[in-house]
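> Following is a predicted model, sequence given first.
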Amino acid sequence: MATTQVVRSEWTKIRSVASTVWTLSLVVVVTVALGMLISALSKNEFDSMGAQQRAEFDPTFISFAGMSLGQLAMIVFGVLVVSNEYSTGMIRTSLAAVPQRGSFLFSKIAVASVLALLVGLVTTFAAFFLGQAMLGEHRAEIGDPGVLRAVFGGGLYMALIAMFSMGVAAMLRSPMLSLGILMPFFFLISNILGNVDATKKVGRFLPDQAGSKIMQVVTPIGDDTPYGPWGGLGIMGLWVLAALVGGYVLLKKRDA
């Protein structure tokens, strides 16, 4: 089967499955709604902030406060795109139709990644503009230094989260096992390692903590992170690459 046919087939699979459509819709709704809420609360609390809190106030990053929950839906999307075929047994039919396993996997990942990037960009731009509207006189403008990079980078971050999840799902094959590892990894282990003094230097190199640096415009006072916004996204990219290579190697070695 030609590459264009494989890509078209993967696009048909993704858009015909209701669960993937709903998870992407949740990415937008949850991220934007929670970002607006936190932005409105931050506006009301600004006058009671101390001098250091005002100096570190990052209106752009605040509008992305819903990203922590939005990425949950993006993780589910990434896992379902790959593992749905394993749970239904359709993977045997797919690999029979496309025996070149590399073409099969990376066509699937390419289609889903482009879709995740588009949804991610729509989400971050909507979250930014609506969040800034909630912040009123404390808002940032899209033309301010670093703001456009942060908003565009937020969309890239969401796409990389989906790609990392796809790589893990390709290695584990089971949706329950994949989500059982990814959810605690991003929402428990990463937070613990990143907030405990003894492990903070390790935690900052985890994919979500490194990648989220791209959405930060105002650097907190005393921040000694050894990389910048694009460096952090690069570290996240290495995690994604490792997951995708692992998924490809295991798909090549074992039976469907």
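Everything's here; your move.
> mind listing what's buried in the helix or strand harbouring Ile181?
In the assignment (DSSP states H and E), Ile181 maps to helix 175-184. Using 16 or more other Cβ atoms under 10 Å as the test for burial, helix 175-184 gives 175, 178-179, 181-182. All C-beta spots, glycine's among them, are computed from the backbone N, C-alpha and C.
> which outside residues touch the next helix or strand after that helix?
Proceeding N to C from helix 175-184, the next assigned helix or strand is helix 190-195, under DSSP H and E. Defining contact as Cβ atoms under 8 Å, 6 or more residues apart in numbering, one finds that helix 190-195 is touched by 199-200, 202-204, 206, 208-209.
> Between those, which sits nearest Phe152?
Within the set of those, Asp208 lies nearest Phe152; the separation is 18.1 Å, counting by Cβ to Cβ.
> give me every residue that touches that closest one.
Listed by Cβ under 8 Å, 6+ apart, the contact set of Asp208 reads 71, 161, 186, 190, 236.
> can you put those in TSV and add distance to Asp223 and neighbour count?
Shown next, in TSV, are the contacts of Asp208 (distance: Cβ to Cβ, whole Å; neighbours: other Cβ atoms under 10 Å):
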residue	distance to Asp223	neighbour count
Gln71	22	25
Ile161	23	29
Phe186	21	21
Ser190	18	17
Met236	18	26
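> out of those residues, which one sits closest to Leu135?
For the contacts of Asp208, the nearest to Leu135 is Gln71 (22.2 Å; Cβ to Cβ).
> What helix or strand is the nearest residue to that closest one once chain neighbours are set aside located in?
Sequence neighbours aside, Ile161 is the residue nearest to Gln71 in space, at 5.0 Å (criterion: Cβ to Cβ, 6 or more residues apart in numbering). Applying DSSP H and E as the criterion places Ile161 in helix 147-172.
> which strands and helices sit next to that helix?
helix 59-62, helix 67-88, helix 101-135, helix 175-184, helix 207-211, helix 229-253 (3 or more Cβ pairs under 8 Å, 6 or more residues apart in numbering; DSSP states H and E).
> Quick one: work out the angle between the fourth one and helix 67-88.
Spelled out, it's helix 175-184. Computed by axes from the mean of the first three to the mean of the last three Cα atoms, to 10 degrees, the angle separating helix 175-184 from helix 67-88 equals 160 degrees.
> can you list the buried residues of helix 175-184 in CSV and add pLDDT and distance to Gln132?
Shown next, in CSV, are the buried residues of helix 175-184 (pLDDT from 0 to 100; distance: Cβ to Cβ, whole Å):
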residue, pLDDT, distance to Gln132
Pro175, 89, 37
Ser178, 93, 36
Leu179, 93, 33
Ile181, 94, 36
Leu182, 95, 31
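> which one of those residues sits closest to Ala97?
For those, the nearest to Ala97 is Pro175 (21.9 Å; Cβ to Cβ).
> Tell me who's in contact with the closest residue to the closest one other than its chain neighbours.
Nearest residue to Pro175 in three dimensions, chain neighbours excluded: Ser83, at 4.1 Å (Cβ to Cβ, 6+ apart). Residues near Ser83 by Cβ under 8 Å, 6+ apart: 169, 172-175, 178.
> from those, which single one is nearest Ile75?
Of these, the one sitting nearest to Ile75 (Cβ to Cβ) turns out to be Ser178, at 8.8 Å.
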